[in-house]
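**Q** Could you look at this predicted model? Sequence included:
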Amino acid sequence: MTARLRHDAILRILRRSGASTVGALAGEVGVSRRTILRDIGALREQGFLIHSESGRGGGLQLDPSSMQTTARLTVTEVFALLVSVAAMRAARSLPFADLADAGLAKIERALPREKVQDLRRMLDCLYVGRLSPKQDISDMGAMDAALLPAFEAAFLGQRCLRFAYRDAKGAGTRREVEPQAVLILPPLWYLVAWDPAREDFRHFRMDRIAAPEVVEDRPFRKRHVPFDDDVCPYGERVS
């Protein structure tokens, strides 16, 4: 478990239980007491108010007013929230759309300026449309949780992305492509990439991608991605 995941787990435990001990946190998170103490110190440096009381009945308590979650969101997490809202809106299944947009705007405003710039670049690569009713989705599976963070690193760093891919017939291949966009045709998501081996764009269903990794020594240039009229960039005319 990474330090960030440990920190999130500690905050979640303290919010839900109200109080806990260093030993109990160590047991729940699966690390040593020394690591928990270091994590508590790091969280305090980030602005979280964590009180400690010694003696019987004492322990660690998170101040209820200590809410720094929006500032701790990564670009990928905010992007995932925005993508989810866009997909639900395109599928005409987004109740309380105005409230969702207002909440996301507040989250975006809490991001540091450099993260906002990265978020804008990622939103520029997002396209939303509607799936043909003739499309067979009976074999749709879950997407690899590592895919979106890998896409972010590859797209923003303009580095190739390598992954295992399973085609419609179930045949597996290993692909190395230049990620250019994300296309959402709810409920299907596609990675739109330039395939150097075929010298053309290819659409990869994201639920068929596994084990994505960024190829650091393979830079590429941004390309114009052609889309049909019924596919629009996020934010222009998602309806």
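**A** Ah, there it is.

**Q** dump the residue contacts of the nearest residue to residue 82 once chain neighbours are set aside.
**A** Residue nearest to residue 82 in three dimensions, not counting chain neighbours: residue 104, with 6.1 Å by C-beta to C-beta, 6 or more residues apart in numbering. Glycine gets a C-beta too; all of them are placed from N, C-alpha and C. With contact set as C-beta atoms under 8 Å, 6 or more residues apart in numbering, residue 104 has these partners: 78, 81, 82, 85.

**Q** Now, the residues you listed that are in helices?
**A** Counting by DSSP state H, those place 78, 81, 82, 85 in helices.

**Q** Selecting buried members of those in ChimeraX, what would you type?
**A** The buried subset of the ones in helices among the contacts of residue 104, as determined by 16 or more other C-beta atoms under 10 Å, is captured in ChimeraX by this line:
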select :78,81,82,85
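
**Q** nearest to residue 127, of the contacts of residue 104?
**A** When those are ranked by distance to residue 127 (C-beta to C-beta), residue 82 comes first, at 13.1 Å.

**Q** now, the most widely separated pair of the ones in helices among the contacts of residue 104?
**A** Once C-beta to C-beta is applied, these give 78 and 85 as the farthest pair, at 10.9 Å.

**Q** In this protein, where is pLDDT below threshold?
**A** 55-58, 65-72, 90-94, 229-230, 232-239 (pLDDT under 70).

**Q** Excluding sequence neighbours, find me the nearest residue to residue 15.
**A** Nearest non-adjacent residue to residue 15, counting by C-beta to C-beta, 6+ apart: residue 62, 6.1 Å away.

**Q** can you give me the strands in this structure?
**A** 50-53, 59-62, 126-128, 159-166, 172-185, 188-195, 200-205, 209-219, 232-233 (DSSP state E).
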